[in-house]
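[1] coords below, sequence missing:
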């Protein structure tokens with residue numbers, strides 16, 4: 001197996017593991033609304049991405065100016081993702097919201113690469129995506145409770161989950177496209193997530209009061225901003241410099257597996273046989289993506305190698 005690809009897969013899995021802790025962490029701040037949680041997590045985390053990337057942003061300012069429409073598109077996706085994702089979980093339930101958001105992202109990412117980049121995804125990507133979605137469905141079936149939300153809220157929550165999945169796929173594709181076009185990894189992540197994080201600050205100011213109400217809520221907000229959203233996206237950005245966005249978003253289907261295990265170990269939920277089968281399927285997905293050959297690329301601007309990825 002190509003060593004760079006192996007490192008990329010490992011980095012994305014680290015990110016998915018960290019993101020998988022957010023649902024359990026949020027249970028310790030029940031009085032904080034989904035908009036506040038989302039704005040704090042990715043807003044502050046995004047600004048930190050920009051802060052540590054200041055030298056790289058200065059060096060890449062001409063590149064970024066030339067790709068300003070692409071950067072703004074990615075920033076808009078970063079703004080939408082946490083608001084839609086956490087609101088989806090709030091309305092439709094944690095299991096449904098998480099699975100819809102994450103299971104739809106690989107499909108959206110694959111469509112972006114296939115339609116815009118003309119990238120051949122390969123049969124193994126389709127197999128891995130299908131298995132990943134199957135594993136997610138089995139997990140959701142194993143974690144359902146009796147307190148199901150009303151039909152209207154559930155439908156709206158599912159819609160927001162689809163929006164979150166599309167936004168996640170879009171900013172992943174934008175970051176990789178910037179790196180492919182010569183923008184360093186730190187500058188690509190810092191520009192997209194920094195602008196998106198800045199756009200989330202007004203939402204945080206309007207809704208974030210409960211985060212300061214108790215030490216527990218403040219600790220949850222701090223943890224989610226610094227660990228899953230800052231360190232997690234540092235690892236994710238590194239992974240995007242090594243593997244296609246479609247593979248990266250498929251690998252992050254590992255996140256609901258992590259979330260489920262933590263819910264069993266910490267929150268006290270029980271996992272049925274169906275759920276354990278779902279977890280086993282995720283192992284097969286990782287094996288497929290780790291060992292399958294990379295698909296070839298069509299003649300397209302995205303087919304050029306990444307020119308700069310040191311930052």
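    That came in fine, so what should we check first? Everything quoted here is computed from the prediction, not taken from an experiment.
[2] Over to residue 7. Which of the three states is it?
    helix (DSSP: H, G, I helix; E, B strand; the rest coil).
[3] what's the nearest residue to it once chain neighbours are set aside sitting at in phi/psi?
    Closest residue to residue 7 apart from its sequence neighbours, by C-beta to C-beta, 6 or more residues apart in numbering: residue 242 at 5.9 Å. The way it works is simple: take the backbone N, C-alpha and C, and place the C-beta from them, glycine included. When read as degrees, to the nearest 10, the backbone of residue 242 gives phi -120, psi -30.
[4] What about residue 242, how many residues nearby?
    Neighbours of residue 242 under the rule other C-beta atoms under 10 Å: 22.
[5] Just to check, it is in contact with residue 5?
    Yes: using C-beta atoms under 8 Å, residue 242 makes contact with residue 5 at a distance of 6.0 Å.
[6] Name the residues contacting each of the two.
    Jointly contacting residue 242 and residue 5 under the rule C-beta atoms under 8 Å, 6 or more residues apart in numbering is no residue at all.
[7] which element is the spatially closest residue to residue 74 that is not a sequence neighbour on?
    Of all residues not flanking residue 74 in the chain, residue 174 sits nearest, at 3.3 Å (C-beta to C-beta, 6+ apart). Take DSSP states H and E as the rule and residue 174 turns out to sit in helix 151-180.
[8] and residue 28, which of the three is it?
    On the three-state scheme (three-state DSSP), residue 28 is labelled coil.
[9] Tell me how far it lies from residue 85.
    From residue 28 over to residue 85 the distance is 18 Å, taken as C-beta to C-beta, to the nearest Å.
[10] Off-centre distance for the helix holding residue 174?
    9 Å (C-alpha atoms, centre = their mean, to the nearest Å).
[11] quick revisit: run a quick neighbour tally on the residue nearest to residue 74.
    Neighbour tally, residue 174, other C-beta under 10 Å: 25.
[12] Just the pLDDT for it.
    Note for residue 174: predicted pLDDT of 93.
[13] dump the residue contacts of it.
    70, 71, 73, 74, 77, 192.
[14] Could you rerun that using 7 Å?
    Counting by C-beta atoms under 7 Å, 6 or more residues apart in numbering, residue 174 makes contact with 70, 73, 74, 77, 192.
[15] Out of those residues, which is nearest to residue 167?
    For the contacts of residue 174, the residue nearest residue 167 by C-beta to C-beta is residue 77; the value is 4.3 Å.
[16] Wait, the closest one touches residue 167, no?
    Yes: using C-beta atoms under 7 Å, residue 77 is in contact with residue 167, at 4.3 Å.
[17] Compare those two (neighbour count), which wins?
    Neighbour comparison, residue 77 and residue 167: the larger count goes to residue 167, with 25 against 22 (by other C-beta under 10 Å).
[18] ok, the more buried one to residue 92 distance?
    17 Å.
[19] for residue 38, same thing?
    Residue 38 is 15 Å from residue 92, by C-beta to C-beta.
[20] the more surrounded of these two?
    Taking neighbours as other C-beta under 10 Å, residue 38 and residue 92 compare with residue 38 leading, 29 against 25.
[21] separation between that one and residue 260?
    As defined by C-beta to C-beta, residue 38 lies at a distance of 21 Å from residue 260.
[22] Residue 42 now?
    Going from residue 42 to residue 260 by C-beta to C-beta gives 22 Å.
[23] The two: which has the busier surroundings?
    A side-by-side neighbour count of residue 42 and residue 260, using other C-beta under 10 Å, places residue 42 first with 29 against 26.
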